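Peer 1: I would like to see how this sequence folds:
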Amino acid sequence: MSITTERSPQIARELVTDSPWVELKEACIDLQAIQAKDGSVAQVEDHSRARKAVETIIGSVSTLAPRFPHDAEYLDAVARDCAAWESAGFGIPDFYDSLSAFHPERTRVDGTPHLVVFPMYTQNGSTNRFFEALLCETIWPKFVGVLESSRYSNALFVPVRFLDYTPGYESNSAVLFPESVAVTPRVPAGAPEGASAELPVFSWGAIFADREAARFRSVVRHAVEITKLELPADAKGLLDDQGLAEETFVMWDLIHDRTHMRGDLPFDPFMIKQRMPFYLYGLEELRCDLTAFREAVTLVRAKKTDATTRKHSQLVLYAVVFDRIFRFPLTGGRVRNYDSVAGQLLFAWLHQHRVLHWTDTQLTIDWDAVPDVVVELSDRINTLYWRSIDRPKIVHWISAHELIAEVLAPHPASQFLSGDLPLDGTPGEFTDHIHDDEFPLSMFYEALGKKLGATITATAGVTGLTATA
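Peer 2: Residues are numbered from 1 along each chain as shown. Coordinates of the predicted model:
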């Protein structure tokens, strides 16, 4: 697939205040008020209200469609699926045809707008499969296009920017995945008789890099103030410039996303969503982040790296460390919070290798020494994965816990410490006995959380357009 990096002339920002989009949003919000968790409208007395909302959605989509010629097939399918849902009596919605026709990965041109309408849940937002609508645009810097086409192929990756959205995205959710859309499996056209029903082939995944960048800037700026951390000049520039931060997160996410499917993976890789101890999900996310980190180190140190890529590679190093050690440990509750474990692990690893210091209530980081120390942690996790192919599942799980416990103290009530884990039981029974807060916050994070917690909470719903300069 050829990739261009010229800005598309079809810009959707002016549509945010146009009546067809406003009416579309209002119709989706009206539907949300009467939808059941599975997306159906169960009460017959609400069907008239649902019918009016669907008519508005169809009319608005048809009016807006000419502004999105690259999504014409998809928007036409949305109108048909809405009409079919109404005709079927507002049961569980099935947007199989719409999802099959939506291909944002085919138009990765900077500034390309998309109008997205689906009954779906929003990760880190709501598990209700309600109608949601989005106006967004692709972020595709030239240097990222070159990296993707030459070094880090990732045909499914679509970085985007929020323009406007319905309430489901007034949350921490920064992703749009096809798996979240309400669809009913069906036998593919042309399949032999007796073939099993299948879901559509998922060919894309969208990451809202602007939200990631905006909340990163807000949280890290406050954390830097609290900890009195002195920043290098280019790190200051990253926190001051939303556009620069967005481009940095696009590069980070490009490499992170592809890493989930590459490397010496366990037999049941993370993407299958197997049930396992929550800390293993933290290790997988950290593995992908540290792969992005080590690739950025390689690019920074390579003599042939062009100036733009080198600059962004250095910024990726700052972004991975800062987001992981400041935002991740303190985001969310303490019940099976795998991202928090991974963030704490990186912080403690840097501290115990004496490249991060907390002295006289001030944080300092030896940036010259950080790259090799972080790569060493990456090596440890990669070796754990490599050895997993020779181990039973539970032995791999125990080995992963041992790696983390070398650095982070387990909860005093951990059954790993007491020896009460059911090692002769099923993997599910083993998982059930993992303490909900297996690796509690350190005293450093307990203190930091009292000052930084409100800032983290306040970033819910932030976008690149709403973030302060």
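Peer 1: what about the top strand by length along the chain, distance to the chain center?
Peer 2: Longest strand in the chain by number of residues (criterion: DSSP state E): strand 126-138. Once both centres are worked out by CA atoms, centre = their mean, to the nearest Å, strand 126-138 turns out to sit 14 Å from its chain's centre.
Peer 1: what are the ranges of the strands in this structure?
Peer 2: Under DSSP E, the chain gives strands at 113-122, 126-138, 157-165, 175-176, 205-208, 356-359, 362-365.
Peer 1: Check what pLDDT the residue nearest to Phe444 when sequence neighbours are not counted gets.
Peer 2: Counting by CB to CB, 6 or more residues apart in numbering, Trp358 is the residue found nearest to Phe444 once chain neighbours are left out, at 6.4 Å. Every residue, glycine included, has its C-beta placed from N, CA and C. With respect to pLDDT, Trp358 scores 98.
Peer 1: Tell me how many other residues crowd Trp358.
Peer 2: A count of nearby residues for Trp358, using other CB atoms under 10 Å, gives 12.
Peer 1: Make sure it is actually in contact with His351.
Peer 2: Yes - shown here, Trp358 and His351 form a contact pair, counting by CB atoms under 8 Å, at 7.1 Å.
Peer 1: on that earlier part again, same for the longest strand of the chain, what does it pack against?
Peer 2: Contacts defined by 3 or more CB pairs under 8 Å, 6 or more residues apart in numbering; DSSP states H and E place strand 126-138 against helix 19-32, strand 113-122, strand 157-165.
Peer 1: mind giving me JSON lines with these and columns for distance to Ile57 and mean pLDDT?
Peer 2: Putting those into JSON lines (distance: least, CB to CB, whole Å; pLDDT from 0 to 100) gives the following:
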{"stretch": "helix 19-32", "distance to Ile57": "5", "mean pLDDT": "98"}
{"stretch": "strand 113-122", "distance to Ile57": "7", "mean pLDDT": "97"}
{"stretch": "strand 157-165", "distance to Ile57": "15", "mean pLDDT": "97"}
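Peer 1: can I get these in CSV with distance to Arg186 and mean neighbour count?
Peer 2: What follows is these, written out as CSV (distance: least, CB to CB, whole Å; neighbours: other CB atoms under 10 Å):
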stretch, distance to Arg186, mean neighbour count
helix 19-32, 24, 19
strand 113-122, 17, 25
strand 157-165, 25, 23
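Peer 1: Just put those in CSV and tack on distance to Phe202.
Peer 2: Shown next, in CSV, are the helices and strands packed on strand 126-138 (distance: least, CB to CB, whole Å):
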stretch, distance to Phe202
helix 19-32, 23
strand 113-122, 13
strand 157-165, 12
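Peer 1: Flag the shaky bits of the stretch 151-300 of the chain, pLDDT-wise.
Peer 2: Counting by pLDDT under 70, the stretch 151-300 of the chain shows low-confidence ranges at 268-273.
Peer 1: switch to 80 and redo it
Peer 2: For the stretch 151-300 of the chain, the stretches flagged by pLDDT under 80 are 189-190, 267-274.
Peer 1: From Leu452, how far out is the residue nearest to Ala458 when sequence neighbours are not counted?
Peer 2: Using CB to CB, 6+ apart and skipping residues adjacent in sequence, the residue nearest Ala458 is Ser218, 7.5 Å away. Applying CB to CB, to the nearest Å, the value for Ser218 to Leu452 is 10 Å.
Peer 1: same check, this time on Ile226
Peer 2: With CB to CB as the criterion, Ile226 and Leu452 are 6 Å apart.
Peer 1: Name the residue in those two with the higher neighbour count.
Peer 2: Between Ile226 and Leu452, counting by other CB under 10 Å, Leu452 is the more crowded of the two (22 against 17).
Peer 1: Show the model's pLDDT score for the more buried one.
Peer 2: 98.
Peer 1: residues contacting it?
Peer 2: Val219, His222, Ala223, Ile226, Phe326, Leu330 (CB atoms under 8 Å, 6 or more residues apart in numbering).
Peer 1: quick one on the thing from earlier: quick one: residues contacting the residue nearest to Ala458.
Peer 2: Contacts of Ser218 (CB under 8 Å, 6+ apart): Thr455, Ala458, Thr459, Val462, Ala467, Thr468.
Peer 1: same thing with Val300?
Peer 2: Per CB under 8 Å, 6+ apart, neighbours of Val300: Arg310, Ser313, Gln314, Leu317, Pro371.
Peer 1: how far away is the closest residue in space to it that isn't next to it in sequence from Glu438?
Peer 2: Spatial nearest neighbour of Val300, chain neighbours left out: Ser313 (4.7 Å); criterion: CB to CB, 6+ apart. Ser313 sits 34 Å away from Glu438, going by CB to CB.
Peer 1: can you check Ile394 too?
Peer 2: Applying CB to CB to Ile394 and Glu438 gives a distance of 16 Å.
Peer 1: so who does the residue nearest the centre of the chain touch?
Peer 2: The centroid of the chain falls nearest to Val175 when counting by CA atoms, centre = their mean (4.9 Å). Contact analysis of Val175 by CB under 8 Å, 6+ apart lists Gln123, Asn124, Gly205, Ala206, Ile207, Phe208.
Peer 1: isn't Phe416 right up against Pro410?
Peer 2: Yes - Phe416 is within contact range of Pro410, at 5.8 Å (criterion: CB under 8 Å).
Peer 1: what is in contact with the two at once?
Peer 2: By CB under 8 Å, 6+ apart, Phe416 and Pro410 have these common neighbours: His401, Glu438.
Peer 1: on that earlier part again, tell me which of Ile394 and Glu438 has more neighbours.
Peer 2: Glu438 (24 against 19).
Peer 1: residues near His411, how many?
Peer 2: 16.
Peer 1: Helices of the stretch 251-400 of the chain, start to end?
Peer 2: Here the stretch 251-400 of the chain has its helices, by DSSP state H, counting those that start in this stretch, at 278-301, 307-322, 338-352, 370-388, 393-405.
Peer 1: wait, which of those helices is closest to Asp257?
Peer 2: helix 278-301 (7.6 Å; CB to CB).
Peer 1: If you count neighbours, what's buried in the closest one?
Peer 2: Within helix 278-301, the residues that count as buried by 16 or more other CB atoms under 10 Å are 278-297, 299-300.
Peer 1: try stretch 386-402
Peer 2: Of the residues in stretch 386-402, Ser388, Ile394, His396, Trp397, Ile398, Ala400, His401 count as buried by neighbour count, 16+ other CB under 10 Å.
Peer 1: For the fourth one, which residues are in contact?
Peer 2: For Trp397, the residues meeting the contact criterion (CB under 8 Å, 6+ apart) are Met276, Pro277, Leu280, Pro427, Phe430.
Peer 1: Show me how the protein divides into domains.
Peer 2: Following automatic domain parsing, the chain resolves into domains at 13-203, 217-458.
Peer 1: end to end, how far does the longest one reach?
Peer 2: Length of domain 217-458, first residue to last, CA to CA, to the nearest Å: 12 Å.
Peer 1: The strands of the chain: which one's closest to Ile381?
Peer 2: When the strands of the chain are ranked by proximity to Ile381 (CB to CB), strand 356-359 comes first, at 18.5 Å.
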